[in-house]
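1. sequence and predicted structure, then a few things I'm wondering about:
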Amino acid sequence: MVTVGFVVEGASEAILIKSPSFRTWLEKACRLELLEPVVDTGGKGEMCSTKITSYVNKLRIQAQPEKLVVLADLDPEVCAPCISVRKEIIGTENIDLVVIARKALESWFLADTKAMRKWLRDGSYFEELPEETDGMPWERLRMLGKSSSSQRGPGRKVPFARKFIHRCGFEVQEAATHENCPSASYFVDKLKLLGETV
């Protein structure tokens with residue numbers, strides 16, 4: 001088992017990484033053991049600058065993981081126009097894997113059809129292009145929530161992420177099976193490969 005540490009962009013990503021279902025999948029499918037703490041940079045551009053190096057170095061000292069993963073949103077309007085530029089901004093110093101959720105983590109939520117059907121209480125729901133929503137995927141989730149049978153939006157992002165992951169059963173490996181969610185499948189595939197190397 002290879003130990004792994006995560007530096008993530010915000011609270012929603014941290015909730016995902018620390019969730020029991022993700023930890024179990026990480027160990028069984030990837031042979032990776034998650035080390036605490038999961039470092040949440042707090043968003044607001046913290047990964048759009050050289051500040052990321054201090055977060056990475058701090059985690060390397062605190063947890064001493066064999067592998068270190070950075071998970072960030074693309075946030076095209078805020079930080080970078082494309083994934084390659086976003087990765088360049090983050091850099092690779094002391095980092096084994098950088099994964100960028102296309103647009104934002106909520107794209108992956110939209111791609112998990114099972115969890116979305118449970119949340120919306122709609123057994124036929126399917127999001128055709130979860131990474132190509134008009135505007136940010138969070139806005140798409142808000143619209144869907146308000147137009148669902150409950151006619152309630154998702155509320156605030158962090159409580160919604162907690163509910164969607166823990167109660168609705170969101171799993172990133174399920175999102176990765178969606179034919180139009182390549183950033184989730186990249187995340188899953190690269191984590192599996194990471195567990196094979198020391």
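-> Yes, it's here. Residues are numbered from 1 along each chain as shown.
2. could you list every helix and strand in contact with the least confident helix or strand in the chain by mean pLDDT?
-> Of the helices and strands making up the chain, the lowest-confidence element is helix 83-90, at a mean of 85, by mean pLDDT, DSSP states H and E. Applying 3 or more C-beta pairs under 8 Å, 6 or more residues apart in numbering; DSSP states H and E, we find helix 83-90 packed against strand 67-73, strand 97-101. (Each C-beta comes from the backbone N, C-alpha and C, glycine too.)
3. tabulate those (TSV), appending mean neighbour count.
-> Shown next, in TSV, are the helices and strands packed on helix 83-90 (neighbours: other C-beta atoms under 10 Å):
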stretch	mean neighbour count
strand 67-73	24
strand 97-101	22
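4. ok, back up a step: centre of the chain versus the least confident helix or strand of the chain, how much separation?
-> How far helix 83-90 lies from its chain's middle: 16 Å, per C-alpha atoms, centre = their mean, to the nearest Å.
5. now stretch 98-118
-> 8 Å.
6. and the end-to-end length of that stretch?
-> 31 Å (C-alpha to C-alpha, to the nearest Å).
7. list the buried residues in it.
-> Buried positions in stretch 98-118, judged by neighbour count with 16 or more other C-beta atoms under 10 Å: 98-113, 115-116, 118.
8. could I get the helices and strands packed on helix 83-90 as CSV with mean pLDDT and distance to Ala176?
-> Formatted as CSV, those follow (pLDDT from 0 to 100; distance: least, C-beta to C-beta, whole Å):
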stretch, mean pLDDT, distance to Ala176
strand 67-73, 94, 14
strand 97-101, 93, 11
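9. with distance to Gly43 added, can I get these in JSON lines?
-> Formatted as JSON lines, the helices and strands packed on helix 83-90 follow (distance: least, C-beta to C-beta, whole Å):
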{"stretch": "strand 67-73", "distance to Gly43": "8"}
{"stretch": "strand 97-101", "distance to Gly43": "13"}
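10. low-confidence regions, the chain specifically.
-> Counting by pLDDT under 70, the chain contains low-confidence residues at 44-46, 48-50, 77-79, 148-152, 198.
11. walk me through the domains of it.
-> 2-103+180-194, 108-166 (automatic domain parsing).
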